[in-house]
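**Q** okay, sequence plus prediction incoming.
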Amino acid sequence: MKIGDHVCRKKYGKDICFEIVDIKDDIYYLRGIEYRLVADSDESDLEIKESNEPHEDIQLDNPRCLKGSVLHIDGDPYYLKMCLNKYHEYGIRVIGYYYKEEEIKDHIIPLLEKHKPDLLVITGHDALKKDSNQKESHNYLHSQDYVQAIMKAREYEDDKDALIIFAGACQSYYELLLAAGANFASSPARKNIHALDPVVVICQIANASVKEYVDLEKIIDKTSHKQLGIGGIDTRGVARNLYPR
């Protein structure tokens, strides 16, 4: 096996496809092809595998509208590029930035002031320590970083319909992210989320009419683990119709 090969881990039931990104001292360092997950493994636990099935596409059925604009801040440049490509495929106006999770809070207000987006995504990596208390924030890798970034964003705009926020990553402290001011967050059941789950949620809201609240369950059902992976609060769309129709 070599760097660049796609593999799965036998002891985890070959559930997730990874790319080998580095090999040091017989340890193989892995990055999820589709899921926001990094890991390491011995070669003996790895097996060559083709990529997983592609993520379910969404249909944006409001073509004659001015869609909402997105600011996407990601703690991983690889997944940021993947997300930006998907936004562009859906015809969504987006600007993306890469910062380490602990740095995002320091950049959030200047970026909001500069770009004035309708929707904000704060994501990257996260994890819950094995066999730890889910209700203690120090047991999460980056949930507290996301909380601090959300709170900064809410200093800039506290109206949850004027600035719609998706926050979190794999296994994030969902309840804490919502309490901090996010409209949508991961992960209610502490699941690993698909790299494109934030895009799936945000693009549907960007395309939904500002006159109506979005169908929350319908939107979340398009994500990888549905209501186990993503949850949220009542939120309006941000798209504005173009006239004449």
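**A** Great, that's in hand. Since the model is a prediction, treat every value here as computed from it, not as a measurement.
**Q** for this structure, what spans make up the strands?
**A** 6-9, 18-24, 27-32, 38-42, 46-48, 65-66, 70-74, 94-98, 119-123, 164-167, 184-185, 231-232, 240-241 (DSSP state E).
**Q** okay if I get those strands as JSON lines plus distance to Leu112, mean pLDDT and mean neighbour count?
**A** Using the backbone N, CA and C atoms, a C-beta is placed for each residue, glycine as well. Below are the strands of the chain laid out as JSON lines (distance: least, CB to CB, whole Å; pLDDT from 0 to 100; neighbours: other CB atoms under 10 Å):
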{"stretch": "strand 6-9", "distance to Leu112": "37", "mean pLDDT": "94", "mean neighbour count": "20"}
{"stretch": "strand 18-24", "distance to Leu112": "32", "mean pLDDT": "94", "mean neighbour count": "15"}
{"stretch": "strand 27-32", "distance to Leu112": "29", "mean pLDDT": "93", "mean neighbour count": "19"}
{"stretch": "strand 38-42", "distance to Leu112": "28", "mean pLDDT": "91", "mean neighbour count": "14"}
{"stretch": "strand 46-48", "distance to Leu112": "42", "mean pLDDT": "93", "mean neighbour count": "13"}
{"stretch": "strand 65-66", "distance to Leu112": "20", "mean pLDDT": "92", "mean neighbour count": "16"}
{"stretch": "strand 70-74", "distance to Leu112": "7", "mean pLDDT": "98", "mean neighbour count": "26"}
{"stretch": "strand 94-98", "distance to Leu112": "11", "mean pLDDT": "98", "mean neighbour count": "17"}
{"stretch": "strand 119-123", "distance to Leu112": "7", "mean pLDDT": "98", "mean neighbour count": "28"}
{"stretch": "strand 164-167", "distance to Leu112": "10", "mean pLDDT": "98", "mean neighbour count": "28"}
{"stretch": "strand 184-185", "distance to Leu112": "17", "mean pLDDT": "98", "mean neighbour count": "28"}
{"stretch": "strand 231-232", "distance to Leu112": "20", "mean pLDDT": "98", "mean neighbour count": "22"}
{"stretch": "strand 240-241", "distance to Leu112": "20", "mean pLDDT": "93", "mean neighbour count": "13"}
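**Q** could these go into TSV alongside distance to Arg154?
**A** Putting these into TSV (distance: least, CB to CB, whole Å) gives the following:
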stretch	distance to Arg154
strand 6-9	39
strand 18-24	35
strand 27-32	30
strand 38-42	29
strand 46-48	43
strand 65-66	25
strand 70-74	14
strand 94-98	19
strand 119-123	10
strand 164-167	8
strand 184-185	13
strand 231-232	15
strand 240-241	24
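**Q** so for Gln59, which of those strands sits nearest?
**A** strand 65-66 (14.3 Å; CB to CB).
**Q** what lines up beside that closest one in the sheet?
**A** Sheet pairing of strand 65-66 (DSSP bridges) gives strand 240-241 (antiparallel).
**Q** in contact with the nearest residue to Glu212 once chain neighbours are set aside, which residues?
**A** Take Glu212 and drop its neighbours on the chain: the residue closest to it by CB to CB, 6 or more residues apart in numbering is Gly237, 6.0 Å away. Counting by CB atoms under 8 Å, 6 or more residues apart in numbering, Gly237 makes contact with Gly68, Ile205, Ala206, Asn207, Ala208, Ser209, Val210, Lys211, Glu212, Tyr213, Val214.
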